[in-house]
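Q: This is the structure alone, sequence omitted:
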C-alpha cells in the first residue's frame, strides 16, 4: 500500500461473514434516498455523487463503522449543502430547532 | 419504521443506546429540516420528494428481470442491449433511463461468470433494480468479493466449476454494471414473462444464477 487507505476503501481487506438480512426501506431511508437522488440529478445539480462519496470518506473510522448508511448520507447532504452555499449552518440550526420543537409537541406523526 | 419495534422508557437516566443500523430521531429531524429548507428556498418542489419515492419504487428487480428475459428471447434486443444498454432499454420499455450514469451489461457465458460490487461505496444499477440490498452496501461483501469471489459466491450458495473464470467488476459513480445471466437449460419455448420469473435480483448482481425449477436439480 503506497498511501493510506480512506475509511471507505475496503476492497481486498479481510472481512467477516456477510450478513444477508434485509429489511424494506423505512420512510426515513426512502426520504434521504429521494433527497440525494433529486439533489445529484443534473436538473438541480446541488452536488455530484462523487462529492457525496468524498463527504462519506471523511467519516471517522468509528462513525463509518457504527452510523447507519442513511444516517451518514443525511449528514453528508447537510455538509455538502453548506459547502456548496445552498444553505447556511445558521439556517439549518434555526430550522432544526423549529422542527425539533414541533415534533416534541406533536409526537412522532409527520 | 424501526422504532415501532422498540419500547424504550421515555426518560432514561443513562444515555440511550443507539441502534447503529436504525434511523435515530436526530437524523430524522435533520432530514425533515433540510427538506423543508430546500422547499422554502425553491431548490425542490413540494411534491418532488414523494414523486421520487414513487419513481424509485417502480425501479425494482422485476424490471431488470424483464430486460434479461427480453435479451434471452429477442436477439436484436440483446445486441442493442450489449451495445448501448440504456438506449436499448429506454426504447424497448419506454422508461426514462436518463441521468448522469452509464450502464454496462456483462454477459455470462459457459466460460465466464460476472459478479458486481462497489468497493468504495454502494454504486448499483438502481435505474433497473432499485436500491441495493444491505449486504451489497456492507463492508464484508465489498472487502472480500474482489479478493475471494469464489468463497463469497459459495456463501451465497453458488458453487462454480473450476474452469469457469470469475470476473468481478467494481462499479463507480459514473459506471454501473448489470449481469446478463445465462438462460437455464430446459426453458426452450418459454414466454418472456415465464423466463423473467426465473431471474432474481441476485442473478443480475452475479451472486446467483437462474435455475429452472423443473430441471430437477441440474444447474
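A: That came through fine. As the structure is a prediction and not an experimental result, all values here were calculated from the model. Residues are numbered from 1 along each chain as shown, chains lettered A, B, ... in the order given.

Q: where along chain A do the helices fall?
A: Per DSSP state H, chain A carries helices over the ranges A:27-40, A:49-57, A:61-66, A:69-83, A:89-106.

Q: got it, and chain B?
A: Per DSSP H, chain B carries helices over the ranges B:25-40, B:48-58, B:61-73, B:75-83, B:85-93, B:126-129, B:134-137, B:139-144, B:149-155, B:192-196, B:201-205.

Q: Would you format these as TSV with mean pLDDT and mean neighbour count included?
A: Bear in mind the C-beta positions are built from the backbone N, C-alpha and C, glycine included. As requested, the helices of chain B are exported to TSV (pLDDT from 0 to 100; neighbours: other Cβ atoms under 10 Å in any protein chain shown):
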stretch	mean pLDDT	mean neighbour count
helix B:25-40	95	20
helix B:48-58	89	15
helix B:61-73	97	22
helix B:75-83	98	15
helix B:85-93	95	18
helix B:126-129	92	23
helix B:134-137	95	19
helix B:139-144	96	22
helix B:149-155	97	17
helix B:192-196	97	16
helix B:201-205	98	24
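
Q: Identify whichever of the ones you listed lies nearest to residue A:77.
A: helix B:25-40 (6.2 Å; Cβ to Cβ).

Q: Which elements pack onto the closest one?
A: Packing contacts for helix B:25-40, counted by 3 or more Cβ pairs under 8 Å, 6 or more residues apart in numbering or on different chains; DSSP states H and E, involve helix A:27-40, helix A:69-83, helix A:89-106.

Q: In a markdown table: the helices of chain A, plus distance to chain B.
A: Shown next, in a markdown table, are these (distance: least, Cβ to the nearest Cβ, whole Å):
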| stretch | distance to chain B |
| --- | --- |
| helix A:27-40 | 4 |
| helix A:49-57 | 4 |
| helix A:61-66 | 5 |
| helix A:69-83 | 5 |
| helix A:89-106 | 4 |
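
Q: got the ones you listed as JSON lines, with distance to residue B:143, mean pLDDT and mean neighbour count columns?
A: Below are the helices of chain A laid out as JSON lines (distance: least, Cβ to Cβ, whole Å; pLDDT from 0 to 100; neighbours: other Cβ atoms under 10 Å in any protein chain shown):
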{"stretch": "helix A:27-40", "distance to residue B:143": "23", "mean pLDDT": "94", "mean neighbour count": "22"}
{"stretch": "helix A:49-57", "distance to residue B:143": "16", "mean pLDDT": "92", "mean neighbour count": "18"}
{"stretch": "helix A:61-66", "distance to residue B:143": "13", "mean pLDDT": "91", "mean neighbour count": "12"}
{"stretch": "helix A:69-83", "distance to residue B:143": "16", "mean pLDDT": "96", "mean neighbour count": "21"}
{"stretch": "helix A:89-106", "distance to residue B:143": "34", "mean pLDDT": "91", "mean neighbour count": "13"}
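
Q: for the ones you listed, which one sits closest to residue B:159?
A: Closest to residue B:159 of the helices of chain A is helix A:69-83 (Cβ to Cβ; 30.2 Å).

Q: what's the angle between that closest one and helix A:49-57?
A: Relative orientation of helix A:69-83 and helix A:49-57, computed by axes from the mean of the first three to the mean of the last three Cα atoms, to 10 degrees: 110 degrees.

Q: Packing partners of helix A:69-83?
A: Against helix A:69-83 (3+ Cβ pairs under 8 Å, 6+ apart) you get helix A:27-40, helix A:49-57, helix A:89-106, helix B:25-40.

Q: how about the helices of chain B in TSV, adding distance to residue A:54?
A: As requested, the helices of chain B are arranged in TSV below (distance: least, Cβ to Cβ, whole Å):
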stretch	distance to residue A:54
helix B:25-40	18
helix B:48-58	23
helix B:61-73	29
helix B:75-83	33
helix B:85-93	26
helix B:126-129	20
helix B:134-137	17
helix B:139-144	17
helix B:149-155	28
helix B:192-196	38
helix B:201-205	26
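
Q: Please identify which of the helices and strands packed on helix B:25-40 is closest to residue B:192.
A: Closest of these to residue B:192 is helix A:27-40, at 29.3 Å (criterion: Cβ to Cβ).

Q: and the nearest residue to residue A:23 once chain neighbours are set aside, what is it in contact with?
A: In space, and not counting its chain neighbours, residue A:23 is closest to residue B:134: 7.4 Å by Cβ to Cβ, 6 or more residues apart in numbering or on different chains. By Cβ atoms under 8 Å, 6 or more residues apart in numbering or on different chains, the contact list for residue B:134 reads A:19, A:21, A:22, A:23, A:69.

Q: Specify which member of those residues is nearest to residue A:98.
A: residue A:69 (26.9 Å).

Q: one step back: make a ChimeraX selection of the buried ones in the contacts of residue B:134.
A: In ChimeraX syntax, the buried subset of these is picked out as below (16 or more other Cβ atoms under 10 Å in any protein chain shown):
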select /A:69
